[in-house]
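Engineer: Predicted structure and sequence below. I'll ask about it afterward.
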Amino acid sequence: MTEGYKQKSHGVPVRRYVQTMDLKDDPELVAEYRRRHSEGQAWQEIIDGIREVGILEMEVYLSGTRLVMIVDAPEDFDWDAAMSRLATLPRQQEWEEYMAMFQQCRADATSNEKWQMMDRIFRLYD
């Protein structure tokens, strides 16, 4: 991981959102959660919905049981409106319910209840 990750240029000003959530402390569940998010395993309807609401890039990182999700969206992106819309798209509710078995949350928790926004406390300013 010390080689870093290549970032895509979107050609427009972007706003970044960072969220966190914990998985259940069970190595088998963590391994299956990782597998379900590997390339070709996430449901296509979920990927399509993420793009449809205007998200340019989404990355999820894992350390132990702690997840960190980074979302890049256009500067004029309305997070609350997009998440409300995303919740209504095909298979989204089914995905949230399925993923809940891996996550430290209530079984009926919404995505906004599961993922907690993080506060940026440092930035290497220009």
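Structural biologist: Received the coordinates, thanks.
Engineer: what are the ranges of the helices in this protein?
Structural biologist: Under the criterion DSSP state H, the chain contains helices at 27-36, 44-52, 79-86, 92-99, 111-114.
Engineer: so who does the residue nearest the centre of the chain touch?
Structural biologist: Centroid-nearest residue in the chain, with Cα atoms, centre = their mean: Met69, separated by 4.5 Å. Taking Cβ atoms under 8 Å, 6 or more residues apart in numbering, we find Met69 in contact with 18-21, 58-61, 115. (Glycine included, C-beta is placed from N, CA and C.)
Engineer: who does it bridge with?
Structural biologist: Gln19, Val60 (DSSP bridges).
Engineer: which stretches of the protein aren't confidently modelled?
Structural biologist: Scanning the chain with the threshold set as pLDDT under 70 gives 1.
Engineer: now with 80?
Structural biologist: For the chain, the stretches with pLDDT under 80 are 1, 126.
Engineer: Gln19 is in contact with Val60, isn't it?
Structural biologist: No - using Cβ atoms under 8 Å, Gln19 makes no contact with Val60, being 9.4 Å away.
Engineer: Right, I'll leave it there.
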